[in-house]
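Q: have a look at this prediction, sequence included:
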Amino acid sequence: MLDNLGEIALYFFAAIAGIQICYYLFIFSRVAFYRRKFDTDQPPAGQFSVIICAKDEELNLQRNLPGVLQQRYHDHLKPEYEVIVVNDNSEDDSRYYLQSIEPGYPHYRTIEIKQPAKFIPGKKFPLSMGLRGAAFENILLTDADCKPGSTYWLSLMSQGFTENKEIVLGYGAYNKKPGFLNKVIRYETFFSALQHLGFAMSGMPYMGVGRNLAYKKELFYRHKGFTSHQHLAGGDDDLFVNTAANRKNVGVVIDKKAFTYSEAKSSWSSWFRQKTRHMTTGKHYRFAHKFVLGLFSMTHFLFYPAFILALFFPPPILWYALGIFGFKLLVQSVIMFAAMRKLDERDLFKFSLFLDIFMLFYYIIFTPALLIKSKNRW
């Protein structure tokens, strides 16, 4: 009887480990071993409208907007891009700051929204107004609290529009700071990027992140903007990509100079609220996407408990379990190390096993958010 239970436990653990290994080898490895090189000296790849939606973001705009306005993306003295800041009913002094910098940047302008949009929560209405006012077909989005990784951010992101690509996914990182919470947030952000960038390169794009996301204006209107999910506060980035993306029209740009950086939350409660808000949109993904993501999350969650269960049985089951665990850990470590180097998160590698185990608590805490109705604010 004990032998039969041991074999069942071993087979169960082996199946879970096998599924996890397949995700790492066939999906996540695409990020780890991404090879495309980008040229900072390449001429402008079309004209761009950079859109930033801001609500009570005066301090963030002062810190980060100059980096967006000073991109090396021009033909001699003629800018090949415009920057639009949509000021959405701000109650601070954002309007005065935005007006004060207009004379110094001819390629910059502001759209003021003074009345809230009824029945369209979040930033979908201001973003739609920004897109409507955009002069150019190519749109690049970021947030007021984000700073480009270099003056080549726009140039490098523009190079993702090749071979009929209509969407370009970039990486939005968080600044490195001391403390455990900062490492958790950065690891979770890295882990999310490992998944959505890997799946995009595998022909199954399912989301993008508005901190660093580009797409065609025509694509936005072809899919009727945010109509299918305009009643939700979130989803202006991930749900739009989930709706409009297909296996052929999405490009990925992975280059440190093309990243954006923002400040991570400084308290567990504020991060919890942020993640809960983001998680509420996941239940609206396509069924196929929910299935492959759910399968990964479920096997990821069960991997360590299944391993511990197998350890209670005597050899040879114990040795087989240790061997499977070691092989999976080796594959995971190689790919995680390479991916962290690509995404400029290599300092997290020495904590990666602990943080991977910590993700069990992440699933326990945030999975119920899939059942929570999203709040109508941003």
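A: The structure has been received and is ready for your questions.
Q: may I see the buried residues of the longest helix along the chain?
A: Scanning the chain for the helix with the most residues, using DSSP state H, yields helix 317-342. Counting neighbours by 16 or more other Cβ atoms under 10 Å, one finds that the buried residues in helix 317-342 are 317, 320-321, 324-325, 328, 331-332, 335-336, 338-340, 342. (Each C-beta comes from the backbone N, C-alpha and C, glycine too.)
Q: repeat that for stretch 278-292.
A: Buried residues in stretch 278-292, counting neighbours by 16+ other Cβ under 10 Å, are found at 278-282, 284-285, 289, 292.
Q: again with stretch 246-255
A: Buried residues in stretch 246-255, counting neighbours by 16+ other Cβ under 10 Å, are found at 249-255.
Q: now do stretch 255-262
A: 255, 257-262.
Q: just these: which are in strands?
A: Among the buried residues of stretch 255-262, the members falling in strands (DSSP state E) are 260-262.
Q: in TSV: these, plus distance to Tyr11 and pLDDT.
A: Formatted as TSV, those follow (distance: Cβ to Cβ, whole Å; pLDDT from 0 to 100):
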residue	distance to Tyr11	pLDDT
Thr260	45	98
Tyr261	45	98
Ser262	45	97
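Q: quick one, strands of the stretch 51-200 of the chain?
A: With DSSP state E, counting those that start in this stretch as the criterion, the stretch 51-200 of the chain has strands at 74-75, 78-79, 81-88, 108-113, 138-143, 146-148, 167-169, 172-174.
Q: bridged to the nearest residue to Gly133 once chain neighbours are set aside, which residues?
A: Nearest residue to Gly133, sequence neighbours excluded (Cβ to Cβ, 6 or more residues apart in numbering): Ile111, at 5.5 Å. Listed by DSSP bridges, the beta-bridge partners for Ile111 are Val86.
Q: now for Ile111: which residues touch it?
A: With contacts defined as Cβ atoms under 8 Å, 6 or more residues apart in numbering, Ile111 is in contact with 84-87, 126, 129-130, 133.
Q: from those, which two are the most distant?
A: Asn87 and Gly133 (12.4 Å; Cβ to Cβ).
Q: list the buried residues for the helix or strand hosting Cys22?
A: Cys22 belongs to helix 2-23 when elements are defined using DSSP states H and E. Within helix 2-23, the residues that count as buried by 16+ other Cβ under 10 Å are 6, 9-10, 13-14, 16-17, 19-21, 23.
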